[in-house]
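Asks: Dropping the sequence and predicted coords here.
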Amino acid sequence: MPLRGRILGIDYGHRRVGLAISDPSGRIAFPFQTIDRRKSPASLEDQIASIVQNHDIGKVVVGLPLTERGEKGTRALEVESFITSLKRQIGCEVSSFDERFSSARAVKALHEMGERTGDDKGRVDQISATLILQSFLDRSNRDTC
């Protein structure tokens, strides 16, 4: 069954949440925005529900921070709890995807492009979400070919 709408990628964090969005065909991920959880009065779930509604999102993919050994630690359990809460709030599929090393890869990618990351952690979160989403899209597109 074909997917309706775009796919939203989420890099979940305590302070900031990086977001990425796919193109309509579900092949390319783009940085979208960063939610600063300390500055926003609305719940994270409410903010994402609004994005889902306003941007024709058909699926949400949340990065799951597994340990280096591929096990679920405290952070992964926290993300799974967020996913459960998000599923109750929005009207589309929500799944997780292994995000190991996505933040380190994001910093490396930004440095390779000549960008500094010290003062703009939100940019790192967006790029991390983009890497998570692009990895998900690549795997999904490979599995359907």
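Replies: Thanks, I have the structure now.
Asks: For the rest of this, base every contact and every neighbour count on C-alpha atoms.
Replies: OK.
Asks: Name all residues that make contact with Gln126.
Replies: Each residue near Gln126 by C-alpha atoms under 8 Å, 6 or more residues apart in numbering is listed here: 11, 17-20, 31-34.
Asks: Leaving out the residues flanking it, which one is nearest to it?
Replies: In space, not counting the residues next to it along the chain, Gln126 is nearest to Gly18; the distance is 4.3 Å by C-alpha to C-alpha, 6 or more residues apart in numbering.
Asks: Which helix or strand in this structure has the lowest average pLDDT?
Replies: helix 102-112 (a mean of 58; mean pLDDT, DSSP states H and E).
Asks: At which residues are the strands of this protein located?
Replies: Under the criterion DSSP state E, the chain carries strands at the ranges 6-11, 16-22, 29-36, 57-64, 93-98.
Asks: could you give the angle of the lengthiest helix in the chain to strand 93-98?
Replies: The residue-count maximum for a helix in the chain (DSSP state H) belongs to helix 121-144. Interaxial angle of helix 121-144 relative to strand 93-98 (axes from the mean of the first three to the mean of the last three C-alpha atoms, to 10 degrees): 100 degrees.
Asks: Tell me the buried residues in helix 121-144?
Replies: Of all the residues in helix 121-144, those buried under the rule 16 or more other C-alpha atoms under 10 Å are 122-137.
Asks: related to what we said a few turns ago, using CSV, lay out the contacts of Gln126 together with neighbour count.
Replies: Supplementary listing: the contacts of Gln126 in CSV, determined by neighbours: other C-alpha atoms under 10 Å:
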residue, neighbour count
Asp11, 29
Val17, 20
Gly18, 25
Leu19, 29
Ala20, 27
Pro31, 22
Phe32, 18
Gln33, 18
Thr34, 21
